[in-house]
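[1] fold the stuff below for me.
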Amino acid sequence: MIGRSERVPFFRRFLLYFFLTLVGVIMAYPFFFMVTTSLKTNQDTFASILAPFGSKLEWGNYRAVLSTVNMGRYMLNTVFVAVCVMAGQIFTSMMGGYAFARFKFPGRDAIFRAYLGTIMIPFMVILIPTYKLMLMFNWVDRYQSLIIPWLFTASGTFLFRQFFKGIPLELEEAAIIDGAGRFRILWGIFAPLALPAVATQATISFLYAWNSFIWPLVIIHNRNNYVVTQGLADIQGGYHANVPYIMAGSTLAILPTVLAFLLAQKYFVEGVATTGLKG
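    Residues are numbered from 1 along each chain as shown. Okay, here's the model as predicted:
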C-alpha cells in the first residue's frame, strides 16, 4: 500500500500543476479571444461577442487590414527599423561591455555606474531634447530618427559586461600571446561564446523597437513611413466600430514578436540565467 507520506507529494504536485494550468489558461485566453474574433464578421461579433467562432471564418479581415489600411507596408517598415536597432544595439553593447569588462582605465567604474544610471531617466524627460536634435539634423519623418537615437543601450552594455566577466582571463591571455589583437579577441573568441547574451539582447531590443509608439507618433508624420503601432492606432481610429478589423491588426502586430521570442527562447532563458551574477 502507498503510505500517506507518498500520497501527499503527489497531491501537492497535482495542485501545483492544476494551479499553473489555470493561470496559463487565464493568461492565454485574451490571445485566443483576439485571434478568434479577428476571424468573425462584424455582425457575428456583436451578436455574441463571447462565442469562440462565428458562422464562418472571415479571412477577408486580414486581407482588408493588409491592403485597405496598408498594414503590410507598416509591418515592413517596422521590421526594417527593428532589425537595424537590434543589430546596432548588439554591436555597440558588445563593444562597450568588452571595454568595461576587460580594459582598465581611470574612472572606468565611475563611468560605468553613471552610464548604467541613465536607465532610470524616464523617456519623457528626453523626448523634447531628442526631438529638437532630430530637427537640427533634419531627420524628422525619416527612418534615421527611429534608428540612430536608440543604437546605444546601458542595459545591453551591462548584460555583455557581466557575461564577458565570466569568461576565464586565461583564454584572453592565450590569444594575446598568439598575437591576436583586441578586435580579433572580441569578434573571434568572445562573440561566439556570447550567443546567449546576444539572443537575450536581440529579443529585448527587437521587442522594444517593434512595440515603440510614443516616439514614432511624435517624429513620423508621413503615412508611408508609419510603423505598425501607428497602423494599429489608425485602425482603431478609422474602424473603431469594426472589432474584427482591430483584432486582425492586433494579431498581425503581435505575431512577429511571439515568433521572435519562440525562436530565441532557449538562448534567451540561458542568457538571463547566466548573466548579471557577477559584480
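[2] when you work out contacts or count neighbours from here on, use the C-alpha atoms and nothing else.
    OK.
[3] residue 172: how many residues sit nearby?
    Counted with other C-alpha atoms under 10 Å, the neighbours of residue 172 add up to 18.
[4] just the pLDDT at it, thanks.
    pLDDT, residue 172: 87.
[5] what's near enough to touch it?
    residue 185 (C-alpha atoms under 8 Å, 6 or more residues apart in numbering).
[6] now it. Its backbone dihedrals?
    Torsion angles at residue 172 (phi, psi; degrees, to the nearest 10) stand at phi -70, psi -40.
[7] ok, residue 178 next?
    phi -80, psi 0.
[8] how near is it to residue 29?
    Per C-alpha to C-alpha, to the nearest Å, residue 178 is found 57 Å from residue 29.
[9] the longest helix in this structure is where?
    helix 4-38 (DSSP state H).
[10] and it, what's buried?
    Going by neighbour count (16 or more other C-alpha atoms under 10 Å), the buried part of helix 4-38 is 33-38.
[11] pLDDT weak spots in this protein?
    1-8, 267-279 (pLDDT under 70).
[12] element containing the residue positioned nearest the centre of it, please.
    The centroid of the chain falls nearest to residue 207 when counting by C-alpha atoms, centre = their mean (1.7 Å). According to DSSP states H and E, residue 207 maps onto helix 195-211.
[13] following that helix in sequence, what is the next regular element?
    On the C-terminal side of helix 195-211, the closest following helix or strand by DSSP H and E is helix 214-219.
[14] show me what the following helix or strand past that following helix is packed up against.
    As assigned by DSSP H and E, the chain's next helix or strand after helix 214-219 is helix 228-238. Packing partners of helix 228-238 (3 or more C-alpha pairs under 8 Å, 6 or more residues apart in numbering; DSSP states H and E): helix 71-102, helix 195-211, helix 243-274.
[15] export those to TSV and tack on distance to residue 169?
    Below are these laid out as TSV (distance: least, C-alpha to C-alpha, whole Å):
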stretch	distance to residue 169
helix 71-102	9
helix 195-211	18
helix 243-274	17
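[16] tell me which of these sits most buried.
    Counting by mean count of other C-alpha atoms under 10 Å, helix 195-211 has the highest mean neighbour count of these, with a mean of 23.
[17] what's the angle from it to helix 243-274?
    Angle, helix 195-211 to helix 243-274, by axes from the mean of the first three to the mean of the last three C-alpha atoms, to 10 degrees: 150 degrees.
[18] and helix 195-211, how far from the chain's centre?
    5 Å (C-alpha atoms, centre = their mean, to the nearest Å).
[19] tell me what it is packed against?
    Helix 195-211 packs on helix 71-102, helix 154-165, helix 228-238, helix 243-274, going by 3+ C-alpha pairs under 8 Å, 6+ apart.
[20] re earlier: tell me the helix or strand right after the longest helix of the chain.
    Next helix or strand after helix 4-38 toward the C-terminus (DSSP H and E): helix 42-47.
[21] pull the CA atoms of that next one into CSV?
    Extracted in CSV, the C-alpha atoms of helix 42-47 (Å, rounded to 0.1, in the frame of the first residue of the first chain):
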residue,chain,number,x,y,z
ASN,A,42,-18.7,42.3,-37.5
GLN,A,43,-22.3,41.1,-37.2
ASP,A,44,-21.3,37.8,-35.6
THR,A,45,-19.1,39.7,-33.1
PHE,A,46,-21.8,41.9,-31.8
ALA,A,47,-24.4,39.1,-31.9
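[22] what packs against that helix?
    So helix 42-47, by 3+ C-alpha pairs under 8 Å, 6+ apart, packs with helix 243-274.
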